[in-house]
Structure formats: structure tokens, C-alpha cells
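Trainee: sharing a model prediction with you, sequence too.
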Amino acid sequence: MNRITSLAAGAIVAAIGCHGAQAQTPIPPSPQDFVMAASQSDHYEIMAAHLALVQGQDPRVRTFAEGMVRDHTRLNEDLRKAAIASGLPSPSPGMSSDQAALLSGLQSLRGADFDKAYTRQQVLAHTQAVAVEDSFAAAGAEANLKKAAQSAVPTIQDHLKMARQLSAEVGGS
């Protein structure tokens, strides 16, 4: 498991571990790690959505994918601006090895099989993205990036809700 996926998984476990106890904010990633994780997430979402526009069958999946391209392009641009304003380098496009493997798994699928796999992946990806963005939005160390994360959280939470519903509807859950 690579470092970014470990960070996302750690944030999820920390959030779940607070159940029944007074809620504690998971330790956010460093500003550099946050920029890398958020940028990789956006890039994966955009690339997977482009595949969905070509290989998906269900019009609802294509509509969802169009929204992913639009929203994650905007979120990545907001992140880029926040990183530069924070004195960090602009994030370079790329994905984690886990995200690349997920994308590779989609490339050979078509039609309903693609729709099912894509929507399942979207639930997973957005669950991880919410964990990373939410932890930085709550307690991130850099103000510009924290503001960008706070702005991104509602959009990504909406995406997660839509992905769960769509996955259930196309049989991916």
C-alpha cells in the first residue's frame, strides 16, 4: 500500500475509531502530502471519468462522469492556486500506484460491466478523498490549503452520495 493510500486509510480508520468516544480530528497530512493526495485523487477521477464517457453504457453513468470531469478539474485548479499561494510547487498530474491499478482494471471493461466496476470504484475513491480533504479542512497546517480543502469537502461529499446511489442502481454495490 503506498503512502497516500495509507494516509487515506489511516484517516478513515481514525474517523471510525472515534465512534462512541468524543470525536477527535484525525491528524491531517502535511501540506505537501495533502497537495499530492488531493491532486492524485482529482487526476484519477478525471481519467476514470473520461473512460466512463467512452466505455460506459448507462446514460446516468455518463452524466455522472461529465460532472466528475467538470468538478475535479475545478477542484484541481483551486488546489493548484492554493499550493502556489502557500509557496508549494504546483501539483503535477499523476496517480498513486493503487489508483493506476484501478484505472487499468477499468480499461478492458465495456458496457454494463464497466458501469458496475466504475461506480464501485467511485464509492471507494470518494470515501478516501473525503477522509483526506476532511482531515486537512479540520486541522490542516496551512491556511490557503485548509481553505481549499474546506471548499472541496461539500463537493466531494456530494459525489460520494451520488456514487453510492448510482452504484446501487447499476448493480455495482
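Mentor: Yep, that arrived. Numbers count the residues shown, from 1 in each chain.

Trainee: give me every residue that touches the most centrally placed residue in the chain.
Mentor: Central residue check for the chain by Cα atoms, centre = their mean: the C-alpha nearest the mean position is that of residue 129, 3.6 Å away. Shown in contact with residue 129 (Cβ atoms under 8 Å, 6 or more residues apart in numbering): 8, 38, 41, 45, 156, 159-160. All C-beta atoms are positioned from the backbone trio N, CA, C, and that covers glycine.

Trainee: same question, residue 58
Mentor: Contacts here follow Cβ under 8 Å, 6+ apart; on that basis residue 58 touches 112, 115, 170.

Trainee: residue 155 now?
Mentor: Taking Cβ under 8 Å, 6+ apart, we find residue 155 in contact with 71, 75.

Trainee: so can I have TSV of the contacts of residue 58 showing secondary structure?
Mentor: Listed next are these as TSV, based on DSSP: H, G, I helix; E, B strand; the rest coil:
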residue	secondary structure
112	helix
115	helix
170	helix
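
Trainee: of these - the most surrounded one?
Mentor: Most neighbours among those, by other Cβ atoms under 10 Å: residue 115, with 26 neighbours.

Trainee: quick check: it vs residue 51, distance?
Mentor: To residue 51, residue 115 is 11 Å away according to Cβ to Cβ, to the nearest Å.

Trainee: where along this structure do the helices fall?
Mentor: 3-17, 31-55, 59-85, 97-107, 111-139, 143-170 (DSSP state H).

Trainee: in JSON lines: those helices, plus distance to residue 91 and mean pLDDT.
Mentor: Output for the helices of the chain, formatted as JSON lines (distance: least, Cβ to Cβ, whole Å; pLDDT from 0 to 100):
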{"stretch": "helix 3-17", "distance to residue 91": "12", "mean pLDDT": "41"}
{"stretch": "helix 31-55", "distance to residue 91": "3", "mean pLDDT": "97"}
{"stretch": "helix 59-85", "distance to residue 91": "6", "mean pLDDT": "98"}
{"stretch": "helix 97-107", "distance to residue 91": "14", "mean pLDDT": "96"}
{"stretch": "helix 111-139", "distance to residue 91": "13", "mean pLDDT": "96"}
{"stretch": "helix 143-170", "distance to residue 91": "11", "mean pLDDT": "98"}
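
Trainee: can you list the contacts of residue 58 in a markdown table and add distance to residue 124?
Mentor: Shown next, in a markdown table, are these (distance: Cβ to Cβ, whole Å):
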| residue | distance to residue 124 |
| --- | --- |
| 112 | 19 |
| 115 | 15 |
| 170 | 15 |
